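# Next come a sequence and a model predicted from it.
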Amino acid sequence: MKKACGLKKVPVRTAAEAFKAAAQGTGKLTRDQFMAAKAALLTSCGVEAPAPEVSNAVFSLFDKDDNGIVDMMEIVCGVSLLCKGS
């Protein structure tokens with residue numbers, strides 16, 4: 001999953017800041033918002049976007065409580081697992 005999702009090439013801090021900005025002060029992202037933010041992040045880092053089913057699997061991995069929304073705690077946990085650096 002780490003290799004396939006594209007986030008392995010993205011620094012943790014860059015990813016966390018991008019998702020935080022996408023959350024627009026709410027601290028939460030729906031699946032569609034997450035997908036758009038992830039695609040923009042990968043593009044900005046020069047990383048090819050994976051297949052949609054991979055991105056859906058990443059969202060499901062981040063969404064620990066299965067409520068269809070990822071909050072900042074879930075995002076921080078997810079990027080710390082899948083992104084490069086610490």
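The structure has been received and is ready for your questions. Residues are numbered from 1 along each chain as shown.

# Go ahead and confirm Val58 touches Met35.
No. Using C-beta atoms under 8 Å, Val58 makes no contact with Met35, being 9.1 Å away. Any C-beta I mention is one placed from the backbone N, CA and C, and that applies to glycine too.

# what residue is smack in the middle of this protein?
Closest to where the C-alpha atoms of the chain average out (C-alpha atoms, centre = their mean) is Lys38, at 5.1 Å.

# ok, and the nearest residue to that residue once chain neighbours are set aside, which helix or strand is that part of?
Closest residue in space to Lys38, ignoring its immediate chain neighbours: Ser55 at 6.0 Å, by C-beta to C-beta, 6 or more residues apart in numbering. Using DSSP states H and E, Ser55 sits in helix 52-62.

# Give the pairing partners of the next helix or strand after that helix; include direction for each.
The helix or strand immediately downstream of helix 52-62 is strand 69-71, counting by DSSP H and E. Sheet neighbours of strand 69-71, with direction, are listed as strand 28-30 (antiparallel) (DSSP bridges).

# what residues does the helix or strand just after the partner strand touch?
Beyond strand 28-30 on the C-terminal side, the first helix or strand identified by DSSP H and E is helix 31-44. Residues outside helix 31-44 that contact it (C-beta atoms under 8 Å, 6 or more residues apart in numbering) are 6-7, 10, 14-15, 18-19, 21-23, 29, 48-49, 52, 55-56, 58-59, 62, 68, 70.

# Tell me the pLDDT of Gly68.
Here the pLDDT value assigned to Gly68 is 97.

# Just give the number of residues close to it.
For Gly68, the count of nearby residues is 10 (other C-beta atoms under 10 Å).

# if I pick it, what's in contact with it?
Residues in contact with Gly68 (C-beta under 8 Å, 6+ apart) are Thr30, Arg31.

# For it, give its distance to Cys45.
26 Å (C-beta to C-beta, to the nearest Å).

# Burial check on the residue nearest to Lys38, number of neighbours?
Ser55: 20 neighbours (other C-beta under 10 Å).
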